[in-house]
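Enquirer: Return atomic coordinates for the entry below.
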Amino acid sequence: MKRKHDHGFPARDAIVAFIRAHPGKVGTREIAREFGLKNADRAELKRILRELADEGAIAKRGRKIHETVLLPPTVIADITGRDTDGELLATPTEWDTEQSGPAPKIRIHVPRRLQPGTAAGVGDRALLRIEKADDSEGAPYRGRIIKIIDQARARVLGIFRKLPGGGGLLVPVDKKQAGRELNIAPSDTAGAEDGDLISVDLVRSRGYGLASGKVKERLGSLSSEKAISLIAIHAHEIPQAFSPSALREAVAAQPADLKGREDWRDLPLVTIDPPDAKDHDDAVHAAPDSDPNNKGGYVVHVAIADVAFYVRPGSALDREAVTRGNSVYFPDRVVPMLPERISNDLCSLVPGEARGALAVRLVIGPDGRKRSHSFHRVLMRSAAKLHYAQAQAAIDGRPDDITGPLLEPILTPLYAAYALVKLARDERDPLDLDLPERKILLKPDGTVDRVIVPERLDAHRLIEEFMILANVAAAETLEKKALPLIYRVHDEPTLEKVHNLQEFLKTLDLPFAKTGALRPSLFNRVLGQVRGEDYEPLVNEVVLRSQAQAEYSAENYGHFGLNLRRYAHFTSPIRRYADLIVHRALIRALGLGEGALPESETLETLSEIAAQISLTERRAMKAERETADRLIAHFLADRIGATFQGRISGVTRAGLFVKLSDTGADGLIPIRTLGTEYYNYDETRHALVGSRSGAMHRLGDVVDVRLVEAAPVAGALRFELLSEGQVEGKVIPRGRKRDGSRASVKPSKSHPGRSPRDKVRKPHKGKSGKAKPGKSKKGKSWKR
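Expert: Numbers count the residues shown, from 1 in each chain. This is a model prediction of the structure:
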């Protein structure tokens, strides 16, 4: 029901909610119609809208009204230009133009005395502290530079192609720069060989012909086994080498001893990780609780490597870690957050070696709920290093020489404790999406051997649930002690996205009645209804796209996907800086010794760190995804003309994205190749629909495609659609005559070289100005 005041007029928050749910589509007339207002009510409605605009709650563009989105106190922004007074102007780096309208401008205040590292120019990316401007003059926010994250550079990354007469060309690796080759004079090649990955400084850009460049650095050859991930590392400027001072600190570090620690070396903790894991930073143990007041309950111990003991605030190692934000995992290498001396040695919980750890003791009741917890700084000794399939096989009756002796004393109690925890997890009902993840396995030469979907085992779920419990305990402890921390947060879906999901589900005759607060169980009911149906993958994908992206924040607004009020990352300080901050905060809160969070770390400074590491996390995800694309494109490059089965994973005005079933590779079918008729983009149904035949190609459809082009350097594939469209149960031939031959396409009168269907093939533009791919990849993450 629409909320109204006692006298029958709509409440202000109800009006704002309606505007929020229909961004860019609502004017005074639509609001009046929605709330059943008569002509006599228009004057009052306009008065309320003026008040909301004056307060900054809404803004008007033409005749349409949209909600004003408030920026957080700390934001990462791109400096885009200067105003008439010469002051710098910036806009938020991450901004949804479709949902929120044009990005708000931020006028940057430059103090007379600049702090080191805060001198900025147009094209730079900076971390800003902002506030609402009293006198906006076109810029509603005023900002101050905290630090420069990335400076503008006229430098291009690409592959060197040698020309017969000397010199060469640079072929950019960025898809956005595809086709924009640079000319490199013989004197500017710096000895680059054909196929080298090079970094080039732009010398000049002419209005005609090729722009010129000068080789700045030779980064490696594509013939080397690790060249593919090298492209992403340099393209995203992911730091590889550690500073000499950081390496000296790592070499000088000594193993932890018992000083200031409890002795847990006799507790048989075990690590359970993937078989190819290089670092082992978490260990677990469980036993029945001997407390008579908790009959049937268990005590679970989770021990995490004590990274804070080695990486002290303000040290060279700390500076390196916060710059990286997290480790980056490629199929052929890991770019670690910390040097190997720390991550793979002193903080790796290897069997038989004494290691320092920060541990939590969790008391689990017979109903699976956590009754209490306590944190301890300990010295532990791992009893065994297991991998998931190995632990699962032992429980399933197939123990090996290592797991046989561990089965009854260690593994059986662990699984019994997990069975209890699962009861509480099922009652909590977190978001339960079924989205299998593929893993690329490489040959010794670094090329793709095969792509697999690892089986999801109870061993995986056991570790995951114990880690979630430990993370919750950390957040609860720090909140109780009133210490600042970095939360892992996940906002609930916006009203607009919920509305779009409802409209989509209507096309499948699936109910989605939102009553009361929005909870994951609402989405789970929908997912349960389609389990085992042909369109299960389609609904899972659309539900995923309706979700927000998880991030780090110094302010808590809960974790919607996990259905938790408070949540922080505690369990992987080797590879995530957020976890290291939480460790330091626990040490300070509980008086556990050295390496505590400094008093100088406040909510304000942690907000800055949270914004920065959220950005580095997304950078890592993008680099990992692009590397997988390039590896698969290399793998398929010699199979041009081959046919594959796949599923439509994205639908846009530009065409269809298809994910291949066997490799998970994504490729584009341009809309101009679909057939002889005009295709309309149906946003509600996530489909392209033929205007004449009604033939429909929809998100989630299983299709056959032919590979027509592979660009390994850019990681791009292009397909031809072989399957036929469908409408109302009928099969519609896609651009083919009855004899199976391709139908001809008549050229456009106004553009002789273009078919009639081409004139509307402009892809939808996002805030960056490039074609939006319809999220053919899982760009959004709500994971823990």
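Enquirer: Going by C-alpha atoms from here, please, whenever you check contacts or count neighbours.
Expert: Will do.
Enquirer: Residue ranges in the stretch 551-700 of the chain under the pLDDT threshold?
Expert: Nowhere does the stretch 551-700 of the chain drop to pLDDT under 70.
Enquirer: Let me know whether Gly121 touches Ile79 as I believe.
Expert: Yes: between Gly121 and Ile79 a contact is recorded at 7.0 Å, counting by Cα atoms under 8 Å.
Enquirer: between the two, what contacts are shared?
Expert: Taking Cα atoms under 8 Å, 6 or more residues apart in numbering as the criterion, Gly121 and Ile79 both touch Leu88.
Enquirer: quick one, which of these two is more surrounded?
Expert: Just comparing Gly121 and Ile79: by other Cα atoms under 10 Å the higher neighbour count belongs to Ile79, 25 against 18.
Enquirer: which ones are touching the more buried one?
Expert: Taking Cα under 8 Å, 6+ apart, we find Ile79 in contact with 88-91, 121-126.
Enquirer: Mind checking what secondary structure it has?
Expert: What DSSP: H, G, I helix; E, B strand; the rest coil gives for Ile79 is strand.
Enquirer: where's the closest residue to it other than its chain neighbours, which helix or strand?
Expert: In space, and not counting its chain neighbours, Ile79 is closest to Ala90: 4.1 Å by Cα to Cα, 6 or more residues apart in numbering. Using DSSP states H and E, Ala90 sits in strand 88-92.
Enquirer: Which secondary structure element of the protein has the lowest mean pLDDT?
Expert: Here the helix or strand of the chain ranked lowest by mean pLDDT, DSSP states H and E is strand 730-732, holding a mean of 47.
Enquirer: What residues sit buried inside the longest helix along the chain?
Expert: Scanning the chain for the helix with the most residues, using DSSP state H, yields helix 603-636. By neighbour count on 16 or more other Cα atoms under 10 Å, the buried set for helix 603-636 is 603, 606-617, 619-636.
Enquirer: Measure how buried the residue nearest to Ile79 is and give me the count.
Expert: By the criterion of other Cα under 10 Å, Ala90 has 28 neighbours.
Enquirer: May I have the beta-bridge partners of it?
Expert: Legend: beta-bridge partners of Ala90 under DSSP bridges are Ile79, Ile106.
Enquirer: Same check on Gly650?
Expert: Bridge pairing for Gly650 - DSSP bridges - gives Phe657.
Enquirer: My guess is it contacts Val658. True?
Expert: Yes: the pair Gly650 and Val658 qualifies as a contact (Cα under 8 Å) at a distance of 6.9 Å.
Enquirer: who has more neighbours, those two?
Expert: Neighbours were tallied for Gly650 and for Val658 using other Cα under 10 Å; the higher tally belongs to Val658 (31 against 24).
Enquirer: ok now do that one, which residues does it touch?
Expert: Neighbour list for Val658: 646-650, 666-669, 776 [criterion: Cα under 8 Å, 6+ apart].
Enquirer: now swap in Gly690 and tell me
Expert: Each residue near Gly690 by Cα under 8 Å, 6+ apart is listed here: 677-680, 696.
Enquirer: Show only the entries of those found in strands.
Expert: Those of these mapping onto strands are 679-680, 696, per DSSP state E.
Enquirer: CSV for these, including distance to Ala474 and neighbour count?
Expert: Output for the ones in strands among the contacts of Gly690, formatted as CSV (distance: Cα to Cα, whole Å; neighbours: other Cα atoms under 10 Å):
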residue, distance to Ala474, neighbour count
Tyr679, 53, 26
Asn680, 51, 18
Met696, 50, 26
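Enquirer: for these, which one is nearest Val703?
Expert: Distance to Val703, by Cα to Cα, is smallest for Met696 among those, at 12.1 Å.
Enquirer: In the stretch 251-400 of the chain, where is pLDDT below threshold?
Expert: Looking at the stretch 251-400 of the chain by pLDDT under 70, you get an empty list.
Enquirer: Helices of that one, residue ranges please.
Expert: For the stretch 251-400 of the chain, the helices defined by DSSP state H, counting those that start in this stretch occupy 316-324, 340, 388-395.
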